[in-house]
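J.: model the structure of this input:
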Amino acid sequence: MYARSATVNGNPASVDDAVAYLRAKVMPALYGLDGFVGLSMLCDRDSGRCIATTSWQTEEAMHGSESPLHALRLRFAGILGGRPEVQEWEIAVLHRLHYAPDGACCRVIWSRGDPADAERTMDAFRLSLLPRLEDLPGFCSVSLLADRESGRAVTAVVYEGRAAMKAAAAMAQPMREEFARQMGGEITDVAEFDLALAHLRVPETV
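T.: Numbers count the residues shown, from 1 in each chain. Below is the predicted model of the structure:
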């Protein structure tokens, strides 16, 4: 499974218009494309930072979607008043305890490590970190997206709501820092978002 993300640092006042555009224009276009399995949007309503991610059954399907989605992506970014930063990923891990309810939130952690250690890191994530994440207050799901060539990765942990995400912070921070040390990696950014849109048919990988 693969994913393409488009990050836009936009105008906070335009976030709801961008969500509406994804629902009304982008979703119908995506359902007509081979290999499409999901669309999500994360937004920080204070800063205007938004991340729209499409998911695909194969790398070929993801690349084949680029041409028909290019103009829609530019329009999405234009509504927000920013420029899209596009990245492609392998969906290395997806585990869903239950589907996210209305009002769900997400903490996203960006990291990087040695590309040669990618497989070892993914295995350790599944075996040692995943069971501990399930014990966090209000945990719904987690996904790990990886770029094997560069060693970059991004982990998104979804919680039932803002209160649950805040309650989990004291346990989650030392957990991720310990994991990064053990794997010889580096955490480069951490951010919190509202889960504004989640239409996902991506199957479990664990």
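J.: low-confidence ranges in this structure?
T.: Scanning the chain for pLDDT under 70 picks out the ranges 200-206.
J.: can you tell me which residue is nearest the centre of it?
T.: By Cα atoms, centre = their mean, the chain has its centre lying nearest to A156, at 5.1 Å.
J.: give the contact list for that one.
T.: Contacts for A156 (Cβ atoms under 8 Å, 6 or more residues apart in numbering) come out as L42, C106, R107, V108, I109, V142, S143, L145. To be clear about C-beta, it is placed using only N, CA and C from the backbone, and glycine gets the same treatment.
J.: again, only this time at 7 Å
T.: By Cβ atoms under 7 Å, 6 or more residues apart in numbering, the residues touching A156 are C106, V108, V142, S143.
J.: now, which of the residues you listed sits nearest T54?
T.: Closest approach between the contacts of A156 and T54, by Cβ to Cβ: S143, at 13.3 Å.
J.: give me the contacts around the helix ranked longest in the chain.
T.: In the chain, with assignment by DSSP state H, the single longest helix is helix 162-183. Contacts to helix 162-183, defined as Cβ under 7 Å, 6+ apart, come from residues 105, 107, 109, 111, 113, 117, 121, 124, 129, 132, 136-138, 159, 186-187, 192.
J.: using ChimeraX, define a selection of the buried residues within these.
T.: Filtering the contacts of helix 162-183 down to the buried ones (16 or more other Cβ atoms under 10 Å) takes a single ChimeraX command:
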select :105,107,109,111,113,121,129,136,137,138,159,187,192
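J.: test my guess that R152 contacts G113.
T.: No. Using Cβ atoms under 7 Å, R152 is not in contact with G113; the gap is 8.4 Å.
J.: pretty sure L127 is in a strand, no?
T.: No. Assigned with DSSP: H, G, I helix; E, B strand; the rest coil, L127 falls outside any strand and is helix.
J.: C-alpha coordinates for the longest helix of the chain, PDB please?
T.: Backbone C-alpha positions of helix 162-183 (Å, rounded to 0.1, in the frame of the first residue of the first chain) are rendered in PDB as follows:
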ATOM      1  CA  ARG A 162      -8.400  16.600  22.000                       C
ATOM      2  CA  ALA A 163      -8.700  15.700  25.700                       C
ATOM      3  CA  ALA A 164      -7.500  12.100  25.100                       C
ATOM      4  CA  MET A 165      -4.600  13.300  23.000                       C
ATOM      5  CA  LYS A 166      -3.500  15.700  25.700                       C
ATOM      6  CA  ALA A 167      -3.900  13.000  28.400                       C
ATOM      7  CA  ALA A 168      -1.700  10.600  26.300                       C
ATOM      8  CA  ALA A 169       1.100  13.100  25.800                       C
ATOM      9  CA  ALA A 170       2.900  12.300  29.100                       C
ATOM     10  CA  MET A 171       3.200   8.700  28.100                       C
ATOM     11  CA  ALA A 172       3.700   9.100  24.300                       C
ATOM     12  CA  GLN A 173       6.600  11.500  24.400                       C
ATOM     13  CA  PRO A 174       9.100   9.300  26.300                       C
ATOM     14  CA  MET A 175       7.900   6.300  24.400                       C
ATOM     15  CA  ARG A 176       8.700   7.800  21.000                       C
ATOM     16  CA  GLU A 177      12.000   9.300  22.200                       C
ATOM     17  CA  GLU A 178      13.100   5.900  23.600                       C
ATOM     18  CA  PHE A 179      12.200   4.200  20.300                       C
ATOM     19  CA  ALA A 180      14.100   6.800  18.300                       C
ATOM     20  CA  ARG A 181      17.200   6.300  20.400                       C
ATOM     21  CA  GLN A 182      17.000   2.500  20.200                       C
ATOM     22  CA  MET A 183      16.700   2.600  16.400                       C
END
